[in-house]
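Novice: predicted model, plus sequence, below.
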Amino acid sequence: MDYGKFRFEREKKKKEAKKNQQKVEIKEVQLSCKIEQNDFNTKVNNARRFLTAGNKVKVLVVFKGRQMAHQEVGLHLIEQFEQALSDLGGADKRPAMEGRSMTLLISPLKPTNKTQSPKQQ
């Protein structure tokens, strides 16, 4: 076999594999402890859009000043957020504190095949 042809075929396979791969981005949604309901719903809708596009969502609750003394408020807010998105995605791990912020990473669920075969109808 010709070495030049072998190299060409190998490069062609690499390009094809690179073209077919999926890139997953992490989108960030930032909340505060004193967020109102309509703002919360807007953030949930943005996260829904990100999850349906196949991206991961990083939920970030930022604590300012004396809010650090009431971290359970932020935890409750993150749990509410996770519950609102439970149909589209699931949390990778428990919420964690990182400095003055609490983070949670939500990954999209695997798409299920909703079309039924003719035998099941």
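Specialist: Structure received.

Novice: element containing the closest residue in space to residue 22 that isn't next to it in sequence?
Specialist: Sequence neighbours aside, residue 54 is the residue nearest to residue 22 in space, at 7.0 Å (criterion: CB to CB, 6 or more residues apart in numbering). C-betas here are computed from N, CA, C, even on glycine. Assessed by DSSP states H and E, residue 54 sits outside every helix and strand.

Novice: now residue 54: how far from residue 43?
Specialist: 19 Å (CB to CB, to the nearest Å).

Novice: quick one, which of these two is more surrounded?
Specialist: residue 43 (18 against 13; other CB atoms under 10 Å).

Novice: and the residue nearest the centre of the chain?
Specialist: Taking CA atoms, centre = their mean, the centroid of the chain lies closest to residue 56, which sits 2.0 Å from it.

Novice: out of everything not next to it in sequence, what's closest to that one?
Specialist: Residue 56 sits nearest to residue 26 (CB to CB, 6+ apart), 4.8 Å away.

Novice: tally of neighbours for the one you found?
Specialist: Counted with other CB under 10 Å, residue 26 comes out at 12.

Novice: got phi/psi on it?
Specialist: As for residue 26, its main-chain torsions (degrees, to the nearest 10) stand at phi -110, psi 120.

Novice: can you give me the pLDDT of it?
Specialist: Residue 26 carries a pLDDT score of 91 in this model.
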